[in-house]
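*Asks:* Predicted model and sequence follow; I will ask about them next.
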4 protein chains.
Amino acid sequence: MDGFQRRKEQKKRNILDAALTLFMEYGISKVSISEIAKEANVSQVTIYNYFESKHQLIHDVFIYYVDKASSDFEKIVYSDTPFPDKIKKIIFNKKEVAKQINEEFYQYLMKEYSTEGNYIEKIYVEKAVPYFTVLFKEGKEQGFIDPNLSEEAILFYVQMLKDYIQKEDVYQKILPLTEEITNIFFYGIIGKQKKDKE
Amino acid sequence: MDGFQRRKEQKKRNILDAALTLFMEYGISKVSISEIAKEANVSQVTIYNYFESKHQLIHDVFIYYVDKASSDFEKIVYSDTPFPDKIKKIIFNKKEVAKQINEEFYQYLMKEYSTEGNYIEKIYVEKAVPYFTVLFKEGKEQGFIDPNLSEEAILFYVQMLKDYIQKEDVYQKILPLTEEITNIFFYGIIGKQKKDKE
Amino acid sequence: MDGFQRRKEQKKRNILDAALTLFMEYGISKVSISEIAKEANVSQVTIYNYFESKHQLIHDVFIYYVDKASSDFEKIVYSDTPFPDKIKKIIFNKKEVAKQINEEFYQYLMKEYSTEGNYIEKIYVEKAVPYFTVLFKEGKEQGFIDPNLSEEAILFYVQMLKDYIQKEDVYQKILPLTEEITNIFFYGIIGKQKKDKE
Amino acid sequence: MDGFQRRKEQKKRNILDAALTLFMEYGISKVSISEIAKEANVSQVTIYNYFESKHQLIHDVFIYYVDKASSDFEKIVYSDTPFPDKIKKIIFNKKEVAKQINEEFYQYLMKEYSTEGNYIEKIYVEKAVPYFTVLFKEGKEQGFIDPNLSEEAILFYVQMLKDYIQKEDVYQKILPLTEEITNIFFYGIIGKQKKDKE
DNA sequence: AATGAATGAGGGTTCATTCAT
DNA sequence: GATGAATGAACCCTCATTCAT
């Protein structure tokens, strides 16, 4: 990739970054192309030169986001850390993805692309799910996960916790409860039971 | 309340209903005053006569919504049903509130009102939390809830499950996992452990 | 029609007039909604309140124009004037329609509506052709028109002359040739031939 | 002209051809520089290197067009064909110019250049009129044209028929009327009269 | 000479809100 | 009190044109 290409890619990334930041902060429909342009220090038209339409930009930002996020997953999953800590990190560590993803972002994509054969879903599954699979296998082997539980159910559960906690307003309130939440996750609301003869 | 008043109140409710329906279906920013007016069979200006601005309308719709929702809670909490079924109902039963509440609705309010000293939060706490308290007390007495768990933690957990599952797209996917999800909620991902001497 | 209605209709006509004037002067694509708004002394949005889109406005302007034009035809056809003078008037008299119709106007409509089953064509035929028929019958009876000529052919011919001469730039140049053009129309380029025994 | 020059000229022609094609198909204002660039396989800037502005490009395309068209005239006029057939060819033969010229093209030039002392007019007169003159002389000598008719009048008449028939939509409708139209052109709407003692 | 990248100006359209009746 | 009519501001997008390489 020569200098031209590199600078071009850089600018594209600038725009994607600016858009991602704004989308996550204010939602999608509240953010105008002109605001993104200002944030990225380019003209509106430049954005249109790189992305055909706002729709397309949103789509590309999503891909960009999923890429980033799944690469963070990967690091955690293959890191040299005890299983429970990995889970904690995934659920609670906001640093893992630069910032939270605004819910509208997800909603928008789900709606807009629902006609395209769950394209979004497909991408997500391809990129992120494999790492989860590896993680859950580890969890089961080490006795942290009930072997009777399906991968889908656990995936849903982790996803939910993660997504929910990512929300700015929730995050603040939940911080002091981290330990408790983790416990519920592992042992349920009924609490840790003594094992036989333990 | 005389006839005039009553008719006036009725019209106000019509508008609130129309707005709520549309907000939940399409999100807030996608719904225009003109659409609400059409749905409620009044003129746009009539809406302004009752509610100062779109902002104010949204706010009032939220109050209206919370009222409705908490009344549903109340019924469940005080119903003659085993504790686990109450929980299931709260988490999974979509009927409890007419339709799902669009996420943007929540987000919008959280953001718009965050400056107003968590006004929304206050309302929610006042209306809905008391019922949860009653419910959790019951749960602890019957041994379904670890007595060491704080009310906040459980509340958060229930809320999260409930909110998340309310999402249209999630709901469909989760249906077959209902049993498993419930199990995780009660016993954690580690699964049901045998109690001593049980 | 009460006062409200009348004023509304009046405003609609103002807009149609403004649009017609501008379209005929500058063509369709060169005229922006904002210019029409300025010319009609209303805001852009008002135009959108009356006409759904620029497309629709153009369409309505066309109907408006055809109505006006055919009413002018009617007057000429049923007036108490010798046949040749009627023809002359139709072809040369610009006053008959306020101003010339810009060619792009016609083209635009033809293209845009070609999918709608020649809607434009239908309107034109309904409104204007009947008067031509009356006129040609008169011409044939009085021996001014070769009885072997089909109505279509003559209609085409008159139309063409009329349209062509309506063009601003052509009109100026043609004025001194009026007599000659009329002669060619009646007697062809071969000129007036003596009739038998005349 | 060396190789450089020749290649340069070729590229210029490519651009002119591309522009002419597109203008005739879609009109002038609907065609963007970027589309012309794509059609001609050059960059937008290259177009600006050869032609100062879109305005200038349009102008040059017109010259290019008139050149082409008048060369077609020339061939017909000097061909070995009876006079009436030459006329027919000129009026009805679309092949003579690659495709019809979009009306807007003509209009645009007429308007834009009207301030420049009828520059367009001048070019047209210089290039095309001389051939018409030759033709009409032939017509008069052979008795096909009334010797009392001025050249201007006949020129106008032929031009008009030609232009009008060139229109795509008109052309289709007129085809079955060719014979009749020709007759009207030669003998007028009054029809062929018997000559004395004929 | 040729191009990819960038842009100011402007176009059609929608929206929350106000005016006038 | 209720409404039809009107609007300023903003949005997405396109275009002719220029900059930088």
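*Replies:* Yep, that arrived. Not measured: the values here are computed from a predicted model.

*Asks:* alpha carbons only for contacts and neighbour counts from here, please
*Replies:* OK.

*Asks:* Quick one: low-confidence residue ranges for chain A.
*Replies:* Applying pLDDT under 70 to chain A flags residues A:1-5, A:93-121, A:124, A:166-170, A:194-198.

*Asks:* For chain D, give me its nearest residue in it.
*Replies:* Proximity to chain D, evaluated over chain A using C-alpha to the nearest C-alpha, is greatest for residue A:49 at 12.5 Å.

*Asks:* Look up how far residue A:8 lies from that residue.
*Replies:* In this view, residue A:49 and residue A:8 are 11 Å apart by C-alpha to C-alpha, to the nearest Å.

*Asks:* Pull the residues that contact the helix or strand where residue A:55 lies.
*Replies:* Per DSSP states H and E, residue A:55 falls inside helix A:54-77. With C-alpha atoms under 8 Å, 6 or more residues apart in numbering or on different chains as the test, helix A:54-77 has contacts from A:16-17, A:19-20, A:33, A:51, A:86, A:89-90, A:96-97, A:109, A:123-124, A:127-128, A:131-132, A:134-135.

*Asks:* so of those, which ones are in helices?
*Replies:* A:16-17, A:19-20, A:33, A:86, A:89-90, A:109, A:123-124, A:127, A:131-132, A:134-135 (DSSP state H).

*Asks:* Tell me the helix or strand right after whichever helix or strand residue A:173 is part of.
*Replies:* Per DSSP H and E: residue A:173 is located in helix A:168-174. Proceeding N to C from helix A:168-174, the next assigned helix or strand is helix A:178-187, under DSSP H and E.

*Asks:* send the alpha carbons of that following helix over as CSV?
*Replies:* Extracted in CSV, the C-alpha atoms of helix A:178-187 (Å, rounded to 0.1, in the frame of the first residue of the first chain):
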residue,chain,number,x,y,z
THR,A,178,-19.8,-5.7,40.5
GLU,A,179,-19.1,-8.5,42.9
GLU,A,180,-22.7,-9.3,43.5
ILE,A,181,-23.6,-9.3,39.8
THR,A,182,-20.8,-11.7,39.2
ASN,A,183,-22.0,-13.9,41.9
ILE,A,184,-25.5,-14.0,40.5
PHE,A,185,-24.1,-14.8,37.1
PHE,A,186,-22.2,-17.7,38.4
TYR,A,187,-24.5,-19.0,41.2
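
*Asks:* relative to helix B:178-187, how tilted is it?
*Replies:* 130 degrees (axes from the mean of the first three to the mean of the last three C-alpha atoms, to 10 degrees).

*Asks:* How about helix A:178-187 and chain B, touching?
*Replies:* Yes: interface with chain B: helix A:178-187 contributes A:180-181, A:184-187 (C-alpha under 8 Å from any C-alpha of the partner chain).

*Asks:* gap between the residue positioned nearest the centre of chain A and DNA strand E?
*Replies:* The centroid of chain A falls nearest to residue A:69 when counting by C-alpha atoms, centre = their mean (5.1 Å). To DNA strand E, residue A:69 is 26 Å away according to C-alpha to the nearest atom of the strand, to the nearest Å.

*Asks:* What of residue A:162?
*Replies:* Applying C-alpha to the nearest atom of the strand, the value for residue A:162 to DNA strand E is 32 Å.

*Asks:* For that residue, pull up the helix or strand it's in.
*Replies:* Counting by DSSP H and E, residue A:162 is found in helix A:151-166.

*Asks:* May I see the buried residues of that helix?
*Replies:* A:153-154, A:156-158, A:160-166 (16 or more other C-alpha atoms under 10 Å in any protein chain shown).

*Asks:* Which of the residues you listed lies at the shortest distance from residue A:43?
*Replies:* residue A:166 (31.7 Å; C-alpha to C-alpha).

*Asks:* what kind of secondary structure is residue A:80 in?
*Replies:* coil (DSSP: H, G, I helix; E, B strand; the rest coil).

*Asks:* Just give the number of residues close to it.
*Replies:* Residues within reach of residue A:80, counting by other C-alpha atoms under 10 Å in any protein chain shown, total 9.
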